[in-house]
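# how would this look folded up:
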Amino acid sequence: MATSEVKDFHHELKKAILRNHSLRAKVLGYVFTCLLGIQLIGGTTFYFFVPSIFDQFPARALWFPLFLMALAVMEFIESKYSLKYLNEGKTVNQLTIYFITFCEISFPTISILFIYDFGLFTASDAVSAPPILLYFIFIILSSLYLDFRLSVFSGLVAGIQHSFLVIYLLEIELGIGFGVHFGKGLIILLAGVVAGFVAKKVKESFLDSMKAKDEMLHELDRKVKERTVEVVQQKEIIEQKNKDITDSINYAKKIQEAILPDTVDIRNAFPESFVLFKPKDIVSGDFYWFNEVNDKEAVITAIDCTGHGVPGAFMSMIGNEILNQTIIEKGITKPSDILNNMHEGVRFALKQSSQNVRAKDGMDLALCKITKGDQPKLEYAGANNPLFLIKNGELIKVKPDKFPIGGEQREERREFTNNEIDVSKGDVFYIFSDGYVDQFGGPKNKKFMTARFKDLLLEVHQKEMAEQAEILEKTIEQWKGEYDQIDDICVIGVRV
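Residues are numbered from 1 along each chain as shown. Predicted coordinates:
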């Protein structure tokens with residue numbers, strides 16, 4: 001461990017000791033003050049009621065209250081300055097600590113002299129009186145500094161004072177009697193040594209624990225830094241990969257947008273029409289397809305592929321290519337035949353006719369062929385997706401076949417129904433994916449639902465087609481609110 005760190009530990013330890021020293025000094029100050037108060041009250045009482053008692057005591061007995069007062073003042077001053085030094089980051093002078101310890105150790109000695117002078121004990125009883133136990137208490141208090149030398153010093157001072165106290169009071173010669181009392185002094189000295197040894201061990205144990213804690217924190221910090229570096233590196237790798245993927249998907253969006261019909265071409269063929277197209281992600285599983293077969297006929301469809309995002313976009317590429325082959329290359333224009341051919345094309349492309357079918361994906365759609373003229377004609381075929389026709393203010397639902405393009409086929413041959421619908425100029429029809437009606441939102445976070453969608457179409461169908469698209473988009477955005485869009489949205493409207 002670095003020398004600076006060891007110094008830091010010692011500094012923190014000294015601060016803790018100084019804090020305890022301040023509290024200890026304050027408590028002792030209150031103790032000495034209480035003892036002084038008790039003595040003054042007792043002395044005043046005797047002075048007024050038994051004044052003759054003072055004639056029996058030597059003059060030196062009057063020094064005891066002065067000594068108590070001095071000790072109390074000293075302890076309070078020491079407590080105050082200890083806090084000041086603590087706040088300023090300083091330490092108490094060692095000589096001051098030794099002096100305070102000497103004064104505190106002297107308290108039992110002065111107490112024994114005092115009770116002897118008052119005649120409360122004989123000389124023999126005085127040297128064995130309870131105040132002798134105070135030597136041990138102050139030795140223990142000195143050990144709170146966690147300083148071996150100070151504890152030994154307190155034990156040495158206590159032992160010497162006790163020995164001289166014995167010589168002074170008993171006036172005994174050096175001999176067996178003195179040896180007994182001198183043995184007590186040695187025990188007191190030994191108590192100081194033991195207290196110092198314990199304090200030293202406590203201090204070493206504290207420093208060792210602090211060092212171990214610091215080493216553990218250093219090791220933990222090192223591991224955290226290593227892991228942080230790893231996490232940052234992984235984050236950068238993930239961010240780069242995410243950027244690469246996003247860039248690729250954004251480029252795929254350009255490709256998908258390139259294969260979608262130009263809405264200008266649709267409006268040229270059907271001036272009163274709109275396409276509302278809102279992908280959930282960057283690329284879409286919904287798409288729309290349009291082609292003018294000839295001057296009078298045109299085919300338009302709204303297709304909802306399995307899934308959304310990248311998987312749906314792959315399916316949309318397959319669907320777009322099959323529509324091109326079916327209608328443009330093969331010349332198939334009857335809606336039911338187009339769907340039959342698309343179904344076979346998807347199953348072939350995804351190898352769904354084999355026994356080990358891995359991809360059960362497909363698509364739902366509504367496809368219309370419009371024959372223009374004085375007596376317009378509308379043909380429709382649907383795979384799960386219906387057609388809504390509004391005629392004379394009434395909404396008519398033309399039901400689709402209840403199976404998809406592609407996917408699992410249990411019947412021997414799948415045949416889609418061709419619906420020929422009588423229409424007049426001014427009638428409006430709508431084809432769409434399920435993304436609009438399935439969008440969650442509103443005050444209770446529920447689906448928009450088909451019934452609400454029908455009411456909305458009836459409400460707006462007489463407006464300009466561009467305005468209808470704006471209302472539909474605004475309505476679904478308000479309905480969605482703060483919730484996420486759950487699916488791709490595609491709605492196509494055409495006024496005949």
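# where are the low-confidence patches of the stretch 301-450 of the chain?
Low-confidence segments of the stretch 301-450 of the chain (pLDDT under 70): 354-359.
# which regions of the stretch 151-300 of the chain sit below the pLDDT cut-off?
In the stretch 151-300 of the chain, residues with pLDDT under 70: 171-182.
# Going along the chain, name the strands of it.
Secondary structure of the stretch 151-300 of the chain by DSSP state E, counting those that start in this stretch: the strands cover 273-278, 286-292, 297-305.
# for this protein, which helix is longest?
When the chain is parsed with DSSP state H, its longest helix is helix 176-259.
# That helix - contacts with which helices or strands?
The criterion is 3 or more C-beta pairs under 8 Å, 6 or more residues apart in numbering; DSSP states H and E, and the helices and strands that helix 176-259 contacts are helix 3-49, helix 133-142, helix 148-170, helix 309-323. Heads up, the C-betas are built off the backbone N, CA and C, glycines and all.
# I'd like to check the angle between it and helix 3-49, please.
Compare the direction of helix 176-259 with that of helix 3-49 by axes from the mean of the first three to the mean of the last three C-alpha atoms, to 10 degrees and you get 130 degrees.
# Show me how far helix 176-259 is from its chain's centre.
Offset of helix 176-259 from its chain centre (C-alpha atoms, centre = their mean, to the nearest Å): 21 Å.
# check contacts around the closest residue to Leu170 other than its chain neighbours.
Nearest residue to Leu170, sequence neighbours excluded (C-beta to C-beta, 6 or more residues apart in numbering): Ala123, at 5.5 Å. Taking C-beta atoms under 8 Å, 6 or more residues apart in numbering, we find Ala123 in contact with Tyr116, Leu169, Leu170.
# Please enumerate the helices of the stretch 301-450 of the chain.
In the stretch 301-450 of the chain, the helices defined using DSSP state H, counting those that start in this stretch lie at 309-323, 335-349, 450-460.
# Output the second one as CSV, nothing but the C-alphas.
Read it as helix 335-349. Provided in CSV are the C-alpha atoms of helix 335-349 (Å, rounded to 0.1, in the frame of the first residue of the first chain):
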residue,chain,number,x,y,z
PRO,A,335,-59.2,-10.7,-60.0
SER,A,336,-59.9,-14.3,-58.9
ASP,A,337,-57.4,-15.7,-61.4
ILE,A,338,-54.8,-13.2,-60.3
LEU,A,339,-55.2,-14.4,-56.7
ASN,A,340,-55.1,-18.1,-57.7
ASN,A,341,-51.9,-17.5,-59.6
MET,A,342,-50.4,-15.5,-56.7
HIS,A,343,-51.3,-18.3,-54.3
GLU,A,344,-49.4,-20.8,-56.4
GLY,A,345,-46.5,-18.4,-56.9
VAL,A,346,-46.0,-17.8,-53.2
ARG,A,347,-46.2,-21.4,-52.3
PHE,A,348,-43.7,-22.2,-55.0
ALA,A,349,-41.3,-19.4,-54.0
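# Let me see the residues that make contact with it.
299, 318-319, 322-323, 325-327, 330, 332, 352-353, 362-363, 365, 367-369, 379-381, 383, 405-407, 409, 414-419.
# again, but for the first one
When contacts are taken as C-beta under 8 Å, 6+ apart, the neighbours of helix 309-323 outside the stretch itself are 249, 252, 256, 259, 280-287, 289, 291, 301, 303, 305-307, 338, 341-342, 345-346, 349-350, 361, 363, 365, 405, 488.
# Can you report how many residues neighbour Ser79?
Applying other C-beta atoms under 10 Å, we find 20 residues neighbouring Ser79.
# hang on, I meant Asn419
Asn419 has 18 nearby residues by other C-beta under 10 Å.
# With the flanking residues excluded, which residue is spatially nearest to it?
With C-beta to C-beta, 6+ apart, the residue lying closest to Asn419 is Tyr380, at 4.6 Å.
# Wait, the one you found touches Ile421, no?
Yes. Counting by C-beta atoms under 8 Å, Ile421 is a contact partner of Tyr380 at 6.1 Å.
# Filter the contacts of helix 309-323 down to the buried ones, ChimeraX style.
Selection of buried members from those for ChimeraX, criterion 16 or more other C-beta atoms under 10 Å:
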select :249,252,256,280,282,283,284,285,286,287,289,291,301,303,305,306,338,341,342,345,346,350,361,363,365,405,488
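# re the thing from before, now tabulate the helices and strands packed on helix 176-259 in TSV and tack on distance to Gln462 and mean neighbour count.
Shown next, in TSV, are the helices and strands packed on helix 176-259 (distance: least, C-beta to C-beta, whole Å; neighbours: other C-beta atoms under 10 Å):
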stretch	distance to Gln462	mean neighbour count
helix 3-49	84	14
helix 133-142	100	20
helix 148-170	103	21
helix 309-323	32	20
